[in-house]
Structures are given as C-alpha cells and as structure tokens.
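S.K.: structure for the following, please:
(one chain, ligands or ions: 1)
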Amino acid sequence: MEAFDNNEHPHRRFNPLLGEWILVSPHRAKRPWQGQKESTQALNLPEYDPTCYLCAGNERSNGVYNDKYTDVFVFDNDFPSLLQGEAEAPEEKSPLFQLKPERGINRVICFSPRHDLTIPEMEVSAIEKVIQAWKDQYVDLGSRDFINHVQIFENKGAVMGCSNPHPHGQIWSQSSLPTQVEKTQANLKKYFEEHGRSLLSDYLAEELERKERIVLENEHFVVLVPFWAIWPFETLIISKRHFGNITQMTAEETAAYADVLKRITVKYDNLFETSFPYSSGIHQTPTDGQEHPEWHFHMHFYPPLLRSASVKKFMVGYEMMAEAQRDISAEKSAAMLRELSETHYKQK
Ligand code: H2U
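M.R.: Got it, this is the predicted structure:
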C-alpha cells in the first residue's frame, strides 16, 4: 500500500465546529476547466455615486434619505427578512409539519461614505470604526428581550449576490439560534464540558504548532485556512484569547482585529488581482442572557473563487446530494495566501 499523502490521496476531514465530514480530492486540482467563467468587473467606481442608495445623503428606495455620514452608517433594512411583530404559533400535532413564527430586526451597515472603497482599501483606523459599530449593534439589538442571536455578515461582490458595490454589510438579529450557529454551539459546548477548555483555543494551539495552515497573525488574532475548509480559499479568524463576543475585546484587541481584517482582505484582492468576492460573518455568544463559556469569538470567510478571478467553485451535485468537497488542499491554499503581498495590488 502507498504511504498516505494529503496532497495526493482522496480523504475525508472532520469539521469539529459543525460536526460534519468533508471530502478532499487533491489529485483533482489538475483537471482541465471548460466550464463557466464569471465576468470580472472592471470596477472604476466614483467616490460618490448620485444613484447609489447607500451613499451619504442619498435617497433610498422607500423615500428615506441617508444621513450625510462621514464614517459608518447603520439603518434598518427597508426590505427586512424578519419583522418585529408577534404572531401566535399555529396548532400542529404532527412532528412532520413543525412551524414556528420568527421575529427579528435586520439592519444594513455602510462601512464608509466612499463608494469606491472596500475593506482591503480602507485605513485600519476606519476598519476599527466598523468594528465599533458591530459592537454597538450587538449590544443594541442583543439587549432586546426577543433577540437571542445577532448575525453580523458581509456579502461582497456580485458573484455572492451583493446588489451594490458600496462597501456594506448586514446584521440579521432574531429570536432563535439559526441552524449553523446552533450546531456550532452544541459542538463547542460538548467540547468545553468534556475538556474544560475552549475547542478553538485547543485547535489554535495545535495549528500554531503545526504551522501548515497559518496565513497570518498578530499579537491577538490568527488567520488560518481551517483543516476542514470547504471553499478553496476559506479562512477563519480566531482570537488568541478565549472570549465569547465582540464587546469583550480590549482596545488593543480591537486594533489587532482591524489589522488582521485589513491584511487578509488585501491578500484576497491580491490573489487574482481583483476585488475578491466572499461572504464573511462573525460567530459569537448568543444574546439569550445565558452564560456561554463554550463560545470563542471567530469569523469565517467563505470566498467562492477557485482558480482565477473568473472561475468559481460550485456547490452542486455531490455537495447537494452527499457532502461538501474540495480539490486543492487546505495546506496548499494556506501557502498561496501566506506568500501573497500585504500591499494592495492597486498601490503597486
Ligand atoms: P446586499 O446587496 O448585500 O444584499 O445588501 C443590500 C441590502 O440593502 C439588502 O438587504 C437593503 C436590501 O434589502 N436595501 C435597503 O434597505 N434599502 C434600499 O433602498 C435598497 C436596499
């Protein structure tokens, strides 16, 4: 029998956060590509776009005007997926037809008044203001009785379904724990109860020792390609200190978080010299008023691009029917990201 090589042999890896296996087919990274090409946007955007509904002072579709904001601006989503009103749960005896009314508040957060900038091109001090707004929103929304989870996320790029290039993210807060968060919480909790330590602290210590998947780090945060990554250039930001949510960051940690956000997104843009699309989101303690010592602050980046600015990975066929799968190994992706410059390509 051949000796196992994780860059050659098909294998499955376990994601301890979700309790799921993924299939890795590294030998397949060599296959030719004749499939779809996403068009790369030649983005030559103005600093201010009079037709943009997110630019400062502009009118939104419901006739409300944005503030003439100078850094970060948050507003209630005019087309929210969740509403605040209460409705009575319908009577249903069958476990096969479960239905629960869900309440929540959705907000949009503009990261900068500049229409033409995204996080990798913003100053670290401006990114810190975004983090401060995330903290304020977590507190404001999370303190409401009927809000038990605050999901902060960003969809960047048309390929991720983002409707507007103006730098912005979203916050969906709601009564229930959404599925991914509930699964993550159950696994973090089980680990914490069994070992008395945070799963991500133990994982991070091991990754720092192995050094195979680390992309970058500073005094307080590490960015790595998780062992179980699905997306070709997926990364995970983990705080070195074990704390549960964004409000527990010290001022120094906040600055360090802004630093790693800037550095990883610059590397992403540099990878294919394009405004790199992704969905990113923060996973942290739910706001249900309970103690959650198992939670460990982290942030996921799920970018869809596979081998160029125009070829993305599809989650289809086998992924839909069986389980998630990747070709290029997590170690190779990490090495590629690690070697990239931290100076944005547009500044060269
Ligand atoms: P995305 O492009 O990332 O989906 O974000 C745009 C959000 O902005 C989207 O959720 C909201 C949409 O509902 N929006 C408003 O709240 N007001 C508007 O005038 C247009 C878009």
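S.K.: can we go C-alpha only for contacts and neighbour counts from here?
M.R.: Fine.
S.K.: just the helices in the stretch 1-150 of the chain please.
M.R.: Remark: helices assigned in the stretch 1-150 of the chain by DSSP state H, counting those that start in this stretch are 124-142.
S.K.: for the ligand, what are the nearby residues on the stretch 151-300 of the chain?
M.R.: Applying C-alpha under 6 Å from any ligand atom, we find that the stretch 151-300 of the chain lies next to the ligand at 155, 162-164.
S.K.: those residues, buried ones only, as a PyMOL selection?
M.R.: The following PyMOL line selects those of these that are buried, judged by 16 or more other C-alpha atoms under 10 Å:
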select buried, resi 155+162
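S.K.: contact residues of the stretch 1-150 of the chain facing the ligand?
M.R.: Neighbours of the ligand within the stretch 1-150 of the chain, by C-alpha under 6 Å from any ligand atom: 53, 60-61, 77-79, 108.
S.K.: among those residues, name the buried ones.
M.R.: Neighbour-count burial (16+ other C-alpha under 10 Å) is assigned, among these, to 53, 77, 108.
S.K.: could the residues you listed go into JSON lines alongside distance to E342 and pLDDT?
M.R.: Formatted as JSON lines, those follow (distance: C-alpha to C-alpha, whole Å; pLDDT from 0 to 100):
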{"residue": "Y53", "distance to E342": "32", "pLDDT": "97"}
{"residue": "N77", "distance to E342": "34", "pLDDT": "98"}
{"residue": "V108", "distance to E342": "29", "pLDDT": "98"}
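S.K.: from the residues of the stretch 1-150 of the chain next to the ligand, which is closest to S333?
M.R.: The closest of those to S333 turns out to be V108 (C-alpha to C-alpha; 31.7 Å).
S.K.: quick one: which of the residues of the stretch 151-300 of the chain next to the ligand has the lowest pLDDT value?
M.R.: Lowest in pLDDT among these is S163, which has 82.
S.K.: quick check on the closest residue in space to that one that isn't next to it in sequence: phi, psi?
M.R.: The shortest distance from S163 to any non-neighbouring residue, by C-alpha to C-alpha, 6 or more residues apart in numbering, is to G157 (8.0 Å). Dihedral pair for G157: phi 90, psi 140, per degrees, to the nearest 10.
S.K.: count of neighbours near G157?
M.R.: The local packing of G157 (other C-alpha atoms under 10 Å) involves 20 other residues.
S.K.: one step back: nearest to F146, of the residues of the stretch 1-150 of the chain next to the ligand?
M.R.: Closest approach to F146 among these (C-alpha to C-alpha): N77, at 18.1 Å.
S.K.: tell me the contacts of the closest one?
M.R.: 106-108 (C-alpha atoms under 8 Å, 6 or more residues apart in numbering).
S.K.: among the residues of the stretch 151-300 of the chain next to the ligand, which are in strands?
M.R.: Per DSSP state E, strands hold the following members of those: N155.
S.K.: next up, the contacts around Q98.
M.R.: Residues in contact with Q98 (C-alpha under 8 Å, 6+ apart) are E92.
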